[in-house]
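Trainee: Test case, fold it:
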Amino acid sequence: MIGSKMNLLYFFIFPSFVLSFIKKVSVLDA
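Mentor: Modelled structure (predicted):
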């Protein structure tokens, strides 16, 4: 149960981190 919870946490945090990173790069690029 704890393992699946960590998986969900990672599943939600990782995409948001990638999105923020892409936004920063696009802002720097523009």
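Trainee: Val25 and Asn7, how far apart?
Mentor: As judged by Cβ to Cβ, to the nearest Å, Val25 and Asn7 stand 27 Å apart. (Glycine included, C-beta is placed from N, CA and C.)
Trainee: Leu28 too?
Mentor: The gap separating Leu28 from Asn7 is 32 Å, by Cβ to Cβ.
Trainee: which one of these two has more residues nearby?
Mentor: The residue with more neighbours, out of Leu28 and Asn7, is Asn7; 10 against 7, by other Cβ atoms under 10 Å.
Trainee: Which pLDDT value does the model give the more buried one?
Mentor: On the pLDDT scale, Asn7 is placed at 87.
Trainee: now the helix or strand containing it, how far from the chain's geometric center?
Mentor: Element membership for Asn7, per DSSP states H and E: helix 2-29. Centroid separation for helix 2-29 versus its chain: 0 Å, with Cα atoms, centre = their mean, to the nearest Å.
Trainee: any weak-confidence spans in the protein?
Mentor: 1-2, 30 (pLDDT under 70).
Trainee: hmm, 80 instead?
Mentor: 1-3, 29-30 (pLDDT under 80).
Trainee: Phe12: neighbour count?
Mentor: Phe12, neighbours per other Cβ under 10 Å, totals 10.
Trainee: Report the separation between it and Ser4.
Mentor: Distance of Phe12 to Ser4, computed by Cβ to Cβ: 13 Å.
Trainee: Equivalent analysis for Phe11, please.
Mentor: Computed as Cβ to Cβ, the Phe11 to Ser4 distance reads 10 Å.
Trainee: and if you look at Leu19?
Mentor: From Leu19 across to Ser4, the span is 23 Å (Cβ to Cβ).
Trainee: now swap in Lys24 and tell me
Mentor: Counting by Cβ to Cβ, the gap from Lys24 to Ser4 is 31 Å.
Trainee: now swap in Val27 and tell me
Mentor: In terms of Cβ to Cβ, Val27 sits 35 Å off from Ser4.
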